[in-house]
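Engineer: Based on what follows, work out the 3D shape:
(4 chains)
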4 protein chains.
Amino acid sequence: MAIRTVVWNEFLHERQEEAVRAIYPDGIHATIAAALGTDAGISVSTATMDEPEHGLPQSRLDETDVLLWWGHRAHGSVSDEVAQRVQRRVAEGMGLIVLHSSHFSKVFKLLMGTPCSLRWREAGERERVWAINPSHPIARGIGPNITLPNGEMYGEPFLVPEPLETVFISWFQGGEVFRSGLTYQRGAGRIFYFSPGHETYPIYHDAAIQTVLRNAVHWAYNPAPAWKDVHDAPNVPVEQSPEPLVAQGASLHAHGEAGFR
Amino acid sequence: MAIRTVVWNEFLHERQEEAVRAIYPDGIHATIAAALGTDAGISVSTATMDEPEHGLPQSRLDETDVLLWWGHRAHGSVSDEVAQRVQRRVAEGMGLIVLHSSHFSKVFKLLMGTPCSLRWREAGERERVWAINPSHPIARGIGPNITLPNGEMYGEPFLVPEPLETVFISWFQGGEVFRSGLTYQRGAGRIFYFSPGHETYPIYHDAAIQTVLRNAVHWAYNPAPAWKDVHDAPNVPVEQSPEPLVAQGASLHAHGEAGFR
Amino acid sequence: MAIRTVVWNEFLHERQEEAVRAIYPDGIHATIAAALGTDAGISVSTATMDEPEHGLPQSRLDETDVLLWWGHRAHGSVSDEVAQRVQRRVAEGMGLIVLHSSHFSKVFKLLMGTPCSLRWREAGERERVWAINPSHPIARGIGPNITLPNGEMYGEPFLVPEPLETVFISWFQGGEVFRSGLTYQRGAGRIFYFSPGHETYPIYHDAAIQTVLRNAVHWAYNPAPAWKDVHDAPNVPVEQSPEPLVAQGASLHAHGEAGFR
Amino acid sequence: MAIRTVVWNEFLHERQEEAVRAIYPDGIHATIAAALGTDAGISVSTATMDEPEHGLPQSRLDETDVLLWWGHRAHGSVSDEVAQRVQRRVAEGMGLIVLHSSHFSKVFKLLMGTPCSLRWREAGERERVWAINPSHPIARGIGPNITLPNGEMYGEPFLVPEPLETVFISWFQGGEVFRSGLTYQRGAGRIFYFSPGHETYPIYHDAAIQTVLRNAVHWAYNPAPAWKDVHDAPNVPVEQSPEPLVAQGASLHAHGEAGFR
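Structural biologist: Numbers count the residues shown, from 1 in each chain, chains lettered A, B, ... in the order given. Next comes the predicted model:
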C-alpha cells in the first residue's frame, strides 16, 4: 500500500508576491506534491493554512503516514491546537519532514523543545549540500553533494537537540556551514529536518532535492499501527505485576487511578 | 564561587497528608536542600508553588545556575509563563534536574517535546538503581547500585527522546525495568532526569541518592556566561559575510530585518 | 529480491556436550536458519568455524547482505584475518547481528573499540526482555516484553559505546538489568547486538525471539550498493576542487599521491 | 592537582624536512606542550616515537590523565602493543585528544572500529572552524569561529561513528565541509578528535587553536580512579545474587570460572 503523504504549505508568498509565483505558480506544495507523485509507492495530497483547521483535522491526520511542512511568514498564525495535534500524531507514529524556514514553525519547536534559532542571509549564494553518510536511506542516489546555484544561507549555531544522525551538512559561498539534514526519533515517529528550499529560488524543482524528499518519505514512514495510547501513563495494579508482590508502604493513590498531570 | 542552586517543590503533599509529612516534615525541598548544603561548592535555596510567580521570577532565574524540580499533583497549576521561562533559561545555560513524578511536569514536557509517559505501580517494592557507567560524573561514589527497600515502580516504555547518555537503569521487584537516570543537552543547558524519589518513601534521606543529587548539580552547571540571545535568528548582512559576496536573486526581506516567527 | 543472510556459528558446544545437543541437535545455526527461513523475504544459509576460512571467504561475504554471529568458547580461535574481513564488510554496508556470548567475539570487539565486558551468572533464572520502543522495526510483533523462563544473567555495566538506540532492556530474577538490544551504525553497515540466547537453554526456539531475529535481519539490511572504497582517503587534486583554488604554502606530498597510513 | 598530560608526536617531519622545521623547530609536540603549559591546571610532558616503547611504557600511561596524539607518515610503525595499551588505558579512564592526520593512527582506528577515512587536499586554502555549540566546554573563549588562513582540506564523508557531540564543523575555501571537532565516550575515557593542525602550516601557533587544546584537556580529564578491571567479565556466583536464587537448568561452566574469550 502506498505511503499516505500530505504536503502542508502556508501558501501566502505565492499568492502575494510575483517573484515567488513565477517559480511556484500553484504553490510550493504543488511542486513538492508533483515531485513525490512520481513515486508509485507514495500517495500524495496537499493542505494549506486557509483551509478549515488548516486542512489538518484529526480525522485526516489519523490517515496520514507522513506529513511535510513548509511555513515562513505565518508561523504565529498556525493555531496552537493544530500544532499540538501534529505533535501528538508524531508521537503515535506519523513521520514528519520539516522544510527550510519551518525550523521556526510551532510544530518543530514543540517537538524539539529548543529555540531552533540560526543565522541567515539571503544573497542567492552558492550552496553545496554534502552527504555525510552517502549510504543513508535519505541520501541514496544523489552523489557526493547537491550543488545549488542560489541558496539562502542558514548558519550555525543551529539550536536543536543533538540529532540521531547528521545526514547532510551545507557549505555556503559566503563562508558559513549548516547541518542541513538531521534525523530525530520522537515517540513512534521519525522526523527529518531539511534546510534547502527557499521561496524565491527554484530549489524544489531540482531533481536531486526531489530525490531527497522522496527518500525521506520512505525513511519517515512507520508501518506499525498507530500507538494511540502513547500519551497515557497506566497504573499496573499490584495483582497484575509480572512477579508476585505484596504491597507495602503508604500510598496516596486510590486503586487503579490515573497519574497526576 | 559556589553553584547557585534552587530546589523547587510544589509543596502540597507535605501539607495535606500526614503520611508524607511524617517523612518530609518541612517539605521535600527542605530535605533535598539540606543534602545539597553539605557540599561547600553548592549554595542552595528553595522555592515553592505558592510563592508569587511560583518563587521563580525572571530576576531569580537569571541568578540561578542549577534548578531542581519536584512536582506531582499540581503539574496543571504551574503557569505556562513560568514553565516557558524555565525552558528559555535552560536554553541560555541553566542546568535542570528533574525529579521523579516531574516527568509529567510542564517544564520537562516542554523541553523533551514527547509524551514523557511511563507505567507505574505504588507497592513499596524493592528497587535497584544500577550504574550503567560507574565512572560518569553523576554516578561517582555510589558503587555498583543503590538498593532502595521501597520504591515506586516506573516502567518502560518511557516516552522521552533517546538521551545523550543512559546513566542509571532501575530493576524492580515486580518485574519491570526503567531508565532511571538520563542526560540531555538542550541549547547551552544540561538536563538530568532522575526517577527515584517518592512522596511516601524516605528516598531523599538515602545517602547514596543524596550523593547522586550533589553530583548532578556539579555536572549540570555550565560556567559559561548566559547565552542571552540564544533564541534570536540574526540576519548576517551581505556586506558582513565572512567571504565577499555580491547578492543575487530575488528577496522578500528588507535589508537587515528579523526573520519571521 | 530476498535478503541474503548467513548464520555463523562456532558449532562446538553442540558436538561436544550432550546438554547442548539435546536442545540444538543440528547446531544453534540450524535452529536460527530455520527460524529465518519462514520469512519469504530472507534467503538463508549457514557457516561454521571448521569450514575453510571459517566458511567466510571474501567472495561469500561479498554476496552476503546480513551476517548473524554466534560464538563462545572459541573466540580466540577465529582468525584475525576473517574477523577483520567481516569488520571491513560491515563498513561497506553488510548488516551484522551479534548474538549473546558473541559480545566477546573478535568481530564485535573490533567494531566497538571497547572492552565489551559485562557481569554474568548461569542459574537458569527468569528473564524479561522489555521493549523500550515497541514501535521500533526490531521490536514489532512481540508485545511489551518477552518472558524467558530460563536465561543466563548478563548484567551492567556493559562496556560498549553509547548506542544509536536502546531497543531492549532485560530484567533478571536475581536482581540485575542489562541493555539486551542495542543498535549501531558503522560506516554503511548496521549492527544489532541481542543478548538472549544461551547454549543450554532453548531460547532460539522461542517464537518471540525468532520474530526479533527476523525483524533484525530486515532492519540491518542496507539495499545500497556496497561502498567498496569506504576505506580509502582519496586526494582531491587542486584543479578538481569544487571552487577554483590556487595552491599556497608548502607541501610534503607529491601531486595526487595517497595519504599516509 | 594539575592534570597530568602527555603530548605524543611521531617527530619525523620536523627532523627530515626544512619546511616543517621552520615552523616547528623543536617539534610539533614542543609547540603544543608550551601552549598547554601556560595553564596552571595542566602539567605537561612529551613523548616521541623513537623513545623506547614510543615513550609510552605502561607505568607512564598509568600516571597519565590525558594523552594528545599526533602522527602522520609513520602510523604503520607504531607497535600494535603500544596502540592496544593506549586503547586499554582509555577504557580505564584516560582522556585522549586525537589531532589532524592521526585520524588514520592505529590508536584512533582501534577505538573507533571504523575506516576513519576522509577526502583531503593540501592547497593552503582558507578554513573556518565554526563552533556548533559555543557554550560547550571545549569551545569556550574562541568566538563564533576560528579563521585559519592556510588549512589542509579534510572533507566529508568522514568514516567515524556518530559522535556524542559535534563541537566544530569546518568550511573550506575550495567548497568542502568537515566535522572538525567530535567527542566520544569509550569506557571510562573521553576522546576528542580535532582536525586542524598541519605540519607545513603554523596552526598550532594560533592562539584560538591553543585555547581549544587547553579546553579539551580539561574536558577529557576524568578524575575518577582508574577502572582497572574494566576488561573483566566477572561471574556473579549464584549465592551472591542480589535476590536469592536457586540455580536451574544445565551449565557448561564450573563454579566461579572466568568467561570464554
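
Engineer: hmm, whichever helix or strand A:A35 is part of touching chain B?
Structural biologist: Assigned by DSSP states H and E, A:A35 belongs to helix A:28-37. No: for helix A:28-37, no contact with chain B is found by Cβ under 8 Å from any Cβ of the partner chain; the gap never falls below 13.4 Å. C-beta here means a position set from N, CA and C on the backbone, and glycine is covered the same way.

Engineer: What segments of chain A are helices?
Structural biologist: With helices called from DSSP state H, chain A shows them at A:13-16, A:18-21, A:28-37, A:58-61, A:80-92, A:106-112, A:207-220.

Engineer: ok, and the closest non-adjacent residue to A:P202?
Structural biologist: Nearest-residue entry for A:P202: A:I23, 5.0 Å, with adjacent residues in sequence omitted and distances by Cβ to Cβ, 6 or more residues apart in numbering or on different chains.

Engineer: from the helices of chain A, which stretch is densest packed?
Structural biologist: helix A:106-112 (a mean of 24; mean count of other Cβ atoms under 10 Å in any protein chain shown).

Engineer: helices or strands up against that helix?
Structural biologist: Here helix A:106-112 touches helix A:80-92, strand A:95-99, strand A:177-186, going by 3 or more Cβ pairs under 8 Å, 6 or more residues apart in numbering or on different chains; DSSP states H and E.

Engineer: mind running it again at 10 Å?
Structural biologist: For helix A:106-112, the packing partners by 3 or more Cβ pairs under 10 Å, 6 or more residues apart in numbering or on different chains; DSSP states H and E come out as strand A:66-70, helix A:80-92, strand A:95-99, strand A:177-186, strand A:189-194, helix B:106-112.

Engineer: Quick one: work out the angle between the fifth one and helix A:207-220.
Structural biologist: Angle between the axes of strand A:189-194 and helix A:207-220 is 170 degrees (criterion: axes from the mean of the first three to the mean of the last three Cα atoms, to 10 degrees).

Engineer: any bit of strand A:189-194 sitting next to chain C?
Structural biologist: Yes: under the criterion of Cβ under 10 Å from any Cβ of the partner chain, chain C is reached by strand A:189-194 at A:189-190.

Engineer: Can you give the strand pairings for that strand, parallel or anti for each?
Structural biologist: According to DSSP bridges, strand A:189-194 has the following sheet partners: strand A:95-99 (parallel), strand A:177-186 (antiparallel).

Engineer: From the chain's centroid, how far away is that strand?
Structural biologist: The chain centroid and the centroid of strand A:189-194 are separated by 5 Å, computed with Cα atoms, centre = their mean, to the nearest Å.

Engineer: go on, the fourth one?
Structural biologist: In terms of Cα atoms, centre = their mean, the gap separating the centre of strand A:177-186 from the centre of its chain is 10 Å.

Engineer: Quick one: mean pLDDT over stretch A:32-52.
Structural biologist: What stretch A:32-52 shows for mean pLDDT is 98.

Engineer: Ignore what I typed, I meant stretch A:210-218.
Structural biologist: 98.

Engineer: Check the gap between the nearest residue to A:H29 once chain neighbours are set aside and D:S251 for me.
Structural biologist: What sits nearest to A:H29 in space, not counting adjacent residues and going by Cβ to Cβ, 6+ apart, is A:N9, at 3.6 Å. Distance of A:N9 to D:S251, computed by Cβ to Cβ, to the nearest Å: 64 Å.

Engineer: Ok, A:V90 next?
Structural biologist: 47 Å.

Engineer: who's in contact with the residue nearest to A:P202?
Structural biologist: Listed by Cβ atoms under 10 Å, 6 or more residues apart in numbering or on different chains, the contact set of A:I23 reads A:13-14, A:31, A:198-205, B:250.

Engineer: One more pass at 8 Å, please.
Structural biologist: By Cβ atoms under 8 Å, 6 or more residues apart in numbering or on different chains, the contact list for A:I23 reads A:199-202, A:205.

Engineer: residues near the residue in the stretch 1-150 of chain A positioned nearest to chain B, how many?
Structural biologist: Here the residue of the stretch 1-150 of chain A nearest chain B is A:G124; by Cβ to the nearest Cβ that distance is 3.0 Å. Look at A:G124: counted by other Cβ atoms under 10 Å in any protein chain shown, it has 24 neighbours.
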